[in-house]
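In: Predicted structure and sequence below. I'll ask about it afterward.
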Amino acid sequence: VKSANFWVTLIPNPIHTSPRPLRTLFLFIFVVAATFLIGSFLSYPVYLILSVTAETGYYKVFHFSILLTGILLGLWYVKSSGQLKVLGINRPWQKNLRQFGYGFAGGMAVLVIVEACLFGLGMRQIDPDFHHGLAALIYAIATALLSGAVVGLTEELLFRGAIFTGLERHSGYLYALLLSSLFYSAVHFLDFRSLPSGTGINLFTGI
C-alpha cells in the first residue's frame with residue numbers, strides 16, 4: 001500500500017476536483033504584487049544600511065530587495081500551506097544533502113558543456129581579473145556560489161515551490177504548469193529603468 005501511494009503521488013493528475021481556480025488565481029496575483037510592493041519599500045532602508053559601509057548603487061539594492069522578499073514570502077507560503085513535506089524540506093538532512101550533491105554535480109556538468117561550447121565559439125572570454133592572483137579567483141568563485149545559491153533558492157521556493165505547488169493543489173496540474181511557466185518567463189523580461197543622475201533616493205523611489 002505504501003509503495004502504491006508513493007507512485008500515485010509522483011503521477012501528476014491533470015484533472016483536479018477543486019472548484020477554486022479563480023480564487024487561486026487571485027491569491028497568486030496577490031502574492032506576486034505583494035512581493036514587488038514590499039520589496040520596493042524595503043529597498044530604501046536596505047540602501048541606507050549598505051551605504052554606510054560601501055558605495056552601493058540603488059539599482060542593485062532594488063533587485064536584491066525584490067529577491068529577498070520573494071524568498072521570505074515563498075518560505076512563509078510553503079510553511080503556512082503545509083507544503084514543506086511536498087518540497088522535501090522536512091526530510092532527514094542526509095537525504096537532502098544527497099539530493100543536493102546530485103543536483104550540484106548535474107548542474108556543474110551542464111554548465112561545463114555550455115561554457116565549453118560558448119568558449120569554443122568565441123562568445124566567452126577569460127575574465128582579466130583572474131590574472132590578478134589567487135585572491136581574485138577566490139572572490140570570483142565565492143561570488144558565483146553565493147549568487148547561484150540565492151537565485152536557486154528563489155526559483156525553487158517561489159516558482160516551483162509556492163507558486164507551482166500551490167496552484168497544482170487547488171487548480172490542477174496543467175493549469176499550474178501553464179500559469180507558473182508563463183510567469184517565470186515573464187519575470188526574465190522585466191527591465192527596471194536606471195535612475196537619472198542626481199535623483200534623490202527616498203521611501204517611494206522603488207514604487
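Out: Arrived safely, thanks for sending.

In: element containing the residue most central in space within the chain?
Out: Nearest residue to the geometric centre of the chain (Cα atoms, centre = their mean): Thr154, 2.2 Å. For Thr154, the host element (DSSP states H and E) is helix 134-154.

In: If you count neighbours, what's buried in that helix?
Out: By neighbour count on 16 or more other Cβ atoms under 10 Å, the buried set for helix 134-154 is Leu153, Thr154. All C-beta spots, glycine's among them, are computed from the backbone N, C-alpha and C.

In: ditto for stretch 51-70
Out: Counting neighbours by 16+ other Cβ under 10 Å, one finds that the buried residues in stretch 51-70 are Thr56, Tyr58, Val61, Phe62, Phe64, Ser65, Ile66, Leu67, Leu68, Thr69, Gly70.

In: From those, which land in helices?
Out: Judged by DSSP state H, the buried residues of stretch 51-70 include Tyr58, Val61, Phe62, Phe64, Ser65, Ile66, Leu67, Leu68, Thr69, Gly70 as members of helices.

In: Now render these as CSV, adding pLDDT and distance to Ser180.
Out: Listed next are those as CSV, based on pLDDT from 0 to 100; distance: Cβ to Cβ, whole Å:
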residue, pLDDT, distance to Ser180
Tyr58, 83, 30
Val61, 86, 27
Phe62, 87, 24
Phe64, 83, 23
Ser65, 88, 23
Ile66, 85, 18
Leu67, 78, 18
Leu68, 82, 21
Thr69, 87, 18
Gly70, 78, 14
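
In: got the residues you listed as a markdown table, with distance to Tyr173 columns?
Out: Formatted as a markdown table, those follow (distance: Cβ to Cβ, whole Å):
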| residue | distance to Tyr173 |
| --- | --- |
| Tyr58 | 41 |
| Val61 | 38 |
| Phe62 | 35 |
| Phe64 | 33 |
| Ser65 | 33 |
| Ile66 | 28 |
| Leu67 | 28 |
| Leu68 | 30 |
| Thr69 | 28 |
| Gly70 | 23 |
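
In: And the pLDDT at Phe189?
Out: At Phe189, the model reports a pLDDT of 81.

In: got it, and the one 10 residues further on?
Out: The per-residue pLDDT reported for Thr199 equals 76.
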